[in-house]
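Chemist: The sequence isn't on hand, but the structure is:
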């Protein structure tokens, strides 16, 4: 089935668990790599699912936003 990112995003926004997509809308996460490593953030949107899920996140410290790959995130404790 060839789904567009818009279709996938709508399902994700409604709370549907998608295979390989580890984080949910508004979930608290911590960055584990790159310039913002260690900062806390909130997941705002699912931007892509392939080749690796990417999310738009809002940084808690500055309120800025950026798109990061799933491998650069972990659940916030």
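Modeler: Cool, the structure landed. Not measured: the values here are computed from a predicted model.

Chemist: which non-adjacent residue is nearest residue 59?
Modeler: Using CB to CB, 6 or more residues apart in numbering and skipping residues adjacent in sequence, the residue nearest residue 59 is residue 41, 5.0 Å away. C-betas here are computed from N, CA, C, even on glycine.

Chemist: I should have written residue 5 there, sorry.
Modeler: residue 48 (6.4 Å).

Chemist: got a list of what the residue found closest to residue 65 once you drop the neighbours it is linked to in the chain touches?
Modeler: Using CB to CB, 6+ apart and skipping the chain neighbours, the partner closest in space to residue 65 is residue 58 (4.9 Å). Residue 58 is in contact with 41-42, 44, 64-65, counting by CB atoms under 8 Å, 6 or more residues apart in numbering.

Chemist: Can you tell me how far residue 58 is from residue 25?
Modeler: For residue 58, the distance to residue 25 equals 12 Å [CB to CB, to the nearest Å].

Chemist: what residues are shared contacts of those two?
Modeler: Counting by CB under 8 Å, 6+ apart, the residues touching both residue 58 and residue 25 are residue 44.

Chemist: hmm, back to that, any idea which of the contacts of residue 58 has the most stuff around it?
Modeler: Counting neighbours by other CB atoms under 10 Å, residue 41 leads those with 25 neighbours.

Chemist: right, and that one touches residue 64 too?
Modeler: No. Residue 41 is beyond contact range of residue 64, at 9.4 Å (criterion: CB atoms under 8 Å).

Chemist: what about residue 20, how many neighbours?
Modeler: 9.

Chemist: Show me where the chain has its helices.
Modeler: Secondary structure of the chain (DSSP state H): helices located at 5-13.

Chemist: where does it dip in pLDDT?
Modeler: Low-confidence segments of the chain, defined by pLDDT under 70: 1-3.
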